[in-house]
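Participant: Got a sequence here, can you build the structure:
(chains A, B, C and D)
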Number of protein chains: 2
Amino acid sequence: MATISDVAARAGVSTATVSRALNGKSTVDPELASRVRAAAKELGYRPNGLARNLRRQETAVLALIISDVENPFFTAIARGVEDTAQAGGFQVVLCNSDENADKERRYVEVALSERAAGVIVSPSGLPGSLDPLFDSGTPVVAVDRRMPDRSCDMVLVHSRLAARQATEHLIEQGYQRIACLTGPEGVPTADDRAAGYRDALVGTGRREVLRRAEYRAPGAQVAASELLGGPERPDALLVGNSAMAVGVLGAMRAHGLRAGIDLGLVSFDDAPWTTLLEPQLSVVAQPAYQIGVQATRLLLARIADPGRLPSTVTLDARLIARGSSSRSPGSP
Amino acid sequence: MATISDVAARAGVSTATVSRALNGKSTVDPELASRVRAAAKELGYRPNGLARNLRRQETAVLALIISDVENPFFTAIARGVEDTAQAGGFQVVLCNSDENADKERRYVEVALSERAAGVIVSPSGLPGSLDPLFDSGTPVVAVDRRMPDRSCDMVLVHSRLAARQATEHLIEQGYQRIACLTGPEGVPTADDRAAGYRDALVGTGRREVLRRAEYRAPGAQVAASELLGGPERPDALLVGNSAMAVGVLGAMRAHGLRAGIDLGLVSFDDAPWTTLLEPQLSVVAQPAYQIGVQATRLLLARIADPGRLPSTVTLDARLIARGSSSRSPGSP
DNA sequence: TTGAAAGCGCTAACAC
DNA sequence: GTGTTAGCGCTTTCAA
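Facilitator: Take a look at the predicted model:
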């Protein structure tokens, strides 16, 4: 592969001039500049990013470490990050930590050793697993899940409030035994959903029925099956995310239960298929794309000014009530 | 950030010894090696990957350029790539070209200038848009969509055959006016589905009704609406992918049509929600994860031996017939 | 405006 | 077994 010296030789100038010409420095004779461009083109020259970044001590690549590529919530965040980063002249590489602290650590290593300009991460939740990242001084923004023991830029969702509103909605609809199936203990979003659920139940005389499972379909299906097959079956359920909702709906099918009528249902995350069900699934829609946009803005601001004080952006989620949380089937 | 010289100074050895010790070369005195490790730890030393890669003239990072992060088919491929690459000692960075030839080109530039060890790409379809990638000599594997005018490693699916089988299944079920809604002209997978659909229709006396739309929900919904609202409404439909199926099902809802009874339905891609519908959606399941695995194997083999002859792996897809393609509602 | 030369941090000959 | 040193390809002083 052609190097800058090859181009310089061919254009009959020094490597310095090639560098200046190709980087659009104004202090280059137009005549030389065009000779350089021609030579570069003929040789199919492509600057070596490694050498450039090594010399400049900076990169134009952001790393986005998300906890599950197969979860539409996170891919929507990725879209927001990508659009905003590209507009700011940065490229984004996506790393899938798969809710696995070990993979997360490995990708942090990659991001650091490749000297990414900044990192956006949805923390897997294991305390301290991101210490190397923070200690490195690399600009970081945490999304979706807060970092309890670290001061850093964050973009979060009012999910406790949203969980409370969703539960209150189920109460208003007249459901009596309302359960909550959320993510693993210690994962902040999962704990928030549980807390919001509790907030709504206080003083209503209803009993708390709280279950935990991983944020995926299989675990949720098992947990839901236990709940639905046990004594004192709940008549409504608040579900932690859309992957879990898939498991819950699978369990309901197995138990012959109809959404809305036999079991009121609200799930976090507005997946594209939720309106295809009969009845349609009520959801708490999180502004995933906006989370990505805001996180990138914070990150770019911090890259530009590493000394600025960390700030937290908290976005609202929106309850969309549909048929699955309404006792009269078929109502909106 | 600490450099190798800092570590060398602290351990009282040369940088060469630090490098050897940290890279596990056996020719280092154990005593010195442990002193080096201690010094590195104390300083929080992290090798500069840029410098290392520049010197070594190689990277352990693969780039995976997929056409849509929000499509479960591609994220499943990504999982397969990631698992296989990690087992082979490579990291994977994901780039989302978003079915956009321009973005695709930009990410190719990034992959080349960062000197990725290899690239796996699901081509956007614009002819020639990947020329720089191929011309660079970087190891490449194309997945899902073949490169008609290039000789390179590929991992494909027998989707023409699968489309034919799916259509034959609809014929067997007694549907008479079978239409096909597939992706844009020129996208190989879209053309294959159309061809397979035609293969099945030949000699059955049925008329071809072929529609094209982008591989996403909105376009598919519009196209399906036209089809379903027009004269001589089809009584069955073969759909190009799961995102399109979302659009089609939305259109059916708007027109008050029931799957299976009013409209026999088979869609490509076995998304997690397909079994939640009533009736369940019949699908052509593509081995997405395996595509990722095989593609990575081919890529690693080519990285190890750039001179080997290109080969193509073609995997089978599997028809899973469920209620949406059966006239008797509720049958499996 | 242009060129010569230093040097980013690391690895791999080569010499001892 | 260890140190010295050259050099990966680029950008950026510093002189001219």
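Participant: before we move on, which element is the closest residue to A:G80 other than its chain neighbours in?
Facilitator: Leaving aside its sequence neighbours, A:G80 sits nearest to A:G292 (C-beta to C-beta, 6 or more residues apart in numbering or on different chains; 2.3 Å). To be clear about C-beta, it is placed using only N, CA and C from the backbone, and glycine gets the same treatment. Using DSSP states H and E, A:G292 sits within helix A:288-304.
Participant: Please state the mean pLDDT value computed over that helix.
Facilitator: In this model, helix A:288-304 has a mean pLDDT of 97.
Participant: swap in stretch A:44-53?
Facilitator: On average, stretch A:44-53 scores 95.
Participant: Show me what counts as buried in that stretch.
Facilitator: Within stretch A:44-53, the residues that count as buried by 16 or more other C-beta atoms under 10 Å in any protein chain shown are A:45-53.
Participant: With stretch A:298-309 instead?
Facilitator: Neighbour counts using 16+ other C-beta under 10 Å place A:298-300, A:302-303 of stretch A:298-309 among the buried residues.
Participant: next one: stretch A:188-207
Facilitator: For stretch A:188-207, using 16+ other C-beta under 10 Å, the buried residues are A:188-194, A:196-198, A:200-201, A:206.
Participant: Which neighbouring elements make contact with the one helix or strand A:R160 maps to?
Facilitator: Using DSSP H and E, the element containing A:R160 is helix A:159-172. Identification of packing neighbours for helix A:159-172 by 3 or more C-beta pairs under 8 Å, 6 or more residues apart in numbering or on different chains; DSSP states H and E yields strand A:178-182, helix A:188-201, strand A:236-239, strand A:264-268, strand A:282-285, strand A:318-320.
Participant: can those go into TSV with extra columns for distance to B:E172?
Facilitator: Below are the helices and strands packed on helix A:159-172 laid out as TSV (distance: least, C-beta to C-beta, whole Å):
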stretch	distance to B:E172
strand A:178-182	41
helix A:188-201	47
strand A:236-239	39
strand A:264-268	37
strand A:282-285	38
strand A:318-320	40
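Participant: for these, which one sits closest to A:L249?
Facilitator: Nearest to A:L249, of all those, is strand A:264-268, at 8.0 Å by C-beta to C-beta.
Participant: The closest one: partners in the sheet, and parallel or antiparallel?
Facilitator: Sheet partners assigned to strand A:264-268 using DSSP bridges are listed as strand A:236-239 (parallel), strand A:282-285 (parallel).
Participant: Please identify the deepest-packed of these.
Facilitator: Highest mean neighbour count among these (mean count of other C-beta atoms under 10 Å in any protein chain shown): strand A:236-239, with a mean of 28.
Participant: Tabulate the strands paired with strand A:264-268 in a markdown table, adding columns for distance to B:A223.
Facilitator: As requested, these are exported to a markdown table (distance: least, C-beta to C-beta, whole Å):
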| stretch | distance to B:A223 |
| --- | --- |
| strand A:236-239 | 33 |
| strand A:282-285 | 27 |
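Participant: any idea how far A:I77 is from the residue nearest to A:G80?
Facilitator: Distance of A:G292 to A:I77, given as C-beta to C-beta, to the nearest Å: 4 Å.
Participant: Name the residues contacting each of the two.
Facilitator: A:V143 (C-beta atoms under 8 Å, 6 or more residues apart in numbering or on different chains).
Participant: Run the contact check for stretch A:7-14 versus chain B.
Facilitator: No - Stretch A:7-14 stays clear of chain B (C-beta under 8 Å from any C-beta of the partner chain), getting no nearer than 14.8 Å.
Participant: Check whether that stretch comes into contact with DNA strand C.
Facilitator: Yes - against DNA strand C, stretch A:7-14 shows contacts by C-beta under 7 Å from any atom of the strand at A:12-14.
Participant: so where's the stretch 201-332 of chain A uncertain?
Facilitator: A:328-332 (pLDDT under 70).
Participant: how near is the residue of the stretch 51-200 of chain A found nearest DNA strand C to B:E114?
Facilitator: Closest residue of the stretch 51-200 of chain A to DNA strand C, C-beta to the nearest atom of the strand: A:R55 (3.6 Å). Counting by C-beta to C-beta, the separation of A:R55 from B:E114 is 15 Å.
Participant: The residue most central in space within chain A - nearest residue in space that isn't next to it in sequence?
Facilitator: Nearest residue to the geometric centre of chain A (C-alpha atoms, centre = their mean): A:F74, 3.8 Å. In this structure, A:F74 finds its nearest non-sequential neighbour in A:I66, 4.2 Å apart by C-beta to C-beta, 6+ apart.
Participant: Looking at strand pairing, list the partners for that neighbour.
Facilitator: A:N96.
Participant: Touching, it and A:R79? I think so.
Facilitator: No - between A:I66 and A:R79 no contact is recorded; they are 11.5 Å apart, counting by C-beta atoms under 8 Å.
Participant: tell me the SS of A:V110?
Facilitator: Counting by DSSP: H, G, I helix; E, B strand; the rest coil, the backbone at A:V110 sits in helix.
Participant: What residue in the stretch 201-332 of chain A comes nearest to chain B?
Facilitator: Closest residue of the stretch 201-332 of chain A to chain B, C-beta to the nearest C-beta: A:W273 (4.1 Å).
Participant: thinking again about what came up before, so which residues make contact with the helix holding A:R160?
Facilitator: The set of residues external to helix A:159-172 that reach it, using C-beta under 8 Å, 6+ apart, is A:178, A:180, A:189, A:192-197, A:199-201, A:204, A:206, A:236, A:238, A:264, A:266, A:268, A:282, A:284, A:286, A:316-319, A:321, A:325.
Participant: swap the cut-off to 6 Å and go again
Facilitator: A:178, A:189, A:192-193, A:195-197, A:199-200, A:236, A:238, A:264, A:266, A:284, A:317, A:319, A:321, A:325 (C-beta atoms under 6 Å, 6 or more residues apart in numbering or on different chains).
Participant: mean confidence for that helix?
Facilitator: The model assigns helix A:159-172 a mean pLDDT of 98.
Participant: got the CA positions of that helix in PDB?
Facilitator: Provided in PDB are the C-alpha atoms of helix A:159-172 (Å, rounded to 0.1, in the frame of the first residue of the first chain):
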ATOM      1  CA  SER A 159     -38.100   5.100  34.600                       C
ATOM      2  CA  ARG A 160     -39.100   5.100  38.200                       C
ATOM      3  CA  LEU A 161     -41.800   7.700  37.500                       C
ATOM      4  CA  ALA A 162     -42.800   5.900  34.400                       C
ATOM      5  CA  ALA A 163     -43.100   2.600  36.200                       C
ATOM      6  CA  ARG A 164     -45.300   4.300  38.800                       C
ATOM      7  CA  GLN A 165     -47.500   5.900  36.100                       C
ATOM      8  CA  ALA A 166     -47.900   2.600  34.400                       C
ATOM      9  CA  THR A 167     -48.900   0.900  37.600                       C
ATOM     10  CA  GLU A 168     -51.300   3.600  38.500                       C
ATOM     11  CA  HIS A 169     -52.900   3.200  35.100                       C
ATOM     12  CA  LEU A 170     -53.400  -0.500  35.800                       C
ATOM     13  CA  ILE A 171     -54.900   0.400  39.200                       C
ATOM     14  CA  GLU A 172     -57.300   2.900  37.500                       C
END
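Participant: and the angle from that helix to strand A:178-182?
Facilitator: Using axes from the mean of the first three to the mean of the last three C-alpha atoms, to 10 degrees, the direction of helix A:159-172 lies 150 degrees away from that of strand A:178-182.
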